[in-house]
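Visitor: The following block contains a protein sequence and its predicted model.
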Amino acid sequence: MFTVHIDDSGTAPDQQIAIATALIVPAARIVALDREWKALTEKEGFPGFHMSECVARNKDSHFAHWSDDKKRGVISRVRQIGEKFGSQAISLAVHKADYDEVVPDELREFSGTFHYMGGPKYNWLARQVGKV
């Protein structure tokens, strides 16, 4: 048994590229992963992690006033946890304009309405990540 976490980036309309990433974790490792994740969030003082918010030090996030050292340290630790507990990581990207040009509307019902995670139907990127 495995658990798969899929996340996306680039869903804002002004972004040219959409990316979906899946981390596949053996179900037997979830409790240990949760334990390490909780220890990290409590030690560093953030409730949830969003890479883009952290890297950009989003002014409305817990990362807004982090030093470069803290930011690098937390990002490094997040990556270590993913590597330690994940058995596989998969990422796919699509240039939105290419998708919009190539995929006709009548196929989007079957392939996914949107190239990003925010669509009302299961989207193309998530489907492709799930097939790998």
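Guide: Arrived safely, thanks for sending.
Visitor: how about the strands in the chain?
Guide: Ranges of strands within the chain are 2-9, 17-26, 88-95, based on DSSP state E.
Visitor: Could you identify which of those strands is most buried?
Guide: Comparing those by mean neighbour count (mean count of other CB atoms under 10 Å), strand 17-26 ranks first with a mean of 19. Yep, even glycine has a C-beta here, placed from its N, CA and C like the rest.
Visitor: quick one, it and strand 88-95 angle?
Guide: Between strand 17-26 and strand 88-95, the angle comes out at 170 degrees (axes from the mean of the first three to the mean of the last three CA atoms, to 10 degrees).
Visitor: For strand 17-26, output the C-alpha coordinates as CSV.
Guide: This file holds the C-alpha atoms of strand 17-26, laid out as CSV (Å, rounded to 0.1, in the frame of the first residue of the first chain):
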residue,chain,number,x,y,z
ILE,A,17,4.0,26.9,-16.9
ALA,A,18,2.0,24.5,-14.7
ILE,A,19,3.8,21.8,-12.8
ALA,A,20,2.4,18.8,-10.9
THR,A,21,4.6,16.8,-8.5
ALA,A,22,3.7,13.5,-6.8
LEU,A,23,5.5,12.0,-3.8
ILE,A,24,4.8,8.3,-3.4
VAL,A,25,5.2,7.1,0.2
PRO,A,26,4.8,3.5,1.5
